[in-house]
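> turn this into a model:
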Amino acid sequence: MADLTPEDEQFWDVVDNVIDVSNNAMETSEPGLVNSAMLYAAARYTTFVLASHSETRKDFIADTPEAIRQFSEEFQRLLEENMEDYAENYKVYMRDEEDSGANKDAAEDE
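The predicted model follows:
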């Protein structure tokens, strides 16, 4: 990443820290459980952010539907962006089973 602002650097440091916590959790937990925990934590923290910016409970309740819409759209955009990135860089990020010898042998048996 070239020429990041201090805010951008801070953002990516936080992202890396959250991913590190999740990767460490996978030492004792299944990836699906870690993913579910991350989603729950993100939902819980997002709710806290909205509540902390609301002056009253009434404001929080009134703002909730629009906040859910906005956060859902943002999550979908980020998920699509990351899925596309993984599709384009699969061999770099993951072991590409399409190119593994075991998979090649199985394909030849078909």
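
> list phi and psi for residue 26.
phi -70, psi -10 (degrees, to the nearest 10).

> residues contacting it?
residue 34 (Cβ atoms under 8 Å, 6 or more residues apart in numbering). Every residue, glycine included, has its C-beta placed from N, CA and C.

> biggest helix in this protein, by residue count?
helix 57-88 (DSSP state H).

> chain center to it: distance?
11 Å (Cα atoms, centre = their mean, to the nearest Å).

> mean confidence score for stretch 79-86?
Averaging pLDDT along stretch 79-86 yields 98.

> also stretch 93-109?
56.

> can you list the buried residues in the longest helix of the chain?
For helix 57-88, a neighbour-count test (16 or more other Cβ atoms under 10 Å) marks 60, 67, 71 as buried.

> again with stretch 3-22
For stretch 3-22, using 16+ other Cβ under 10 Å, the buried residues are residue 22.

> what of stretch 29-36?
Quick answer for stretch 29-36 (16+ other Cβ under 10 Å): residue 34.

> cool, thanks, talk later.
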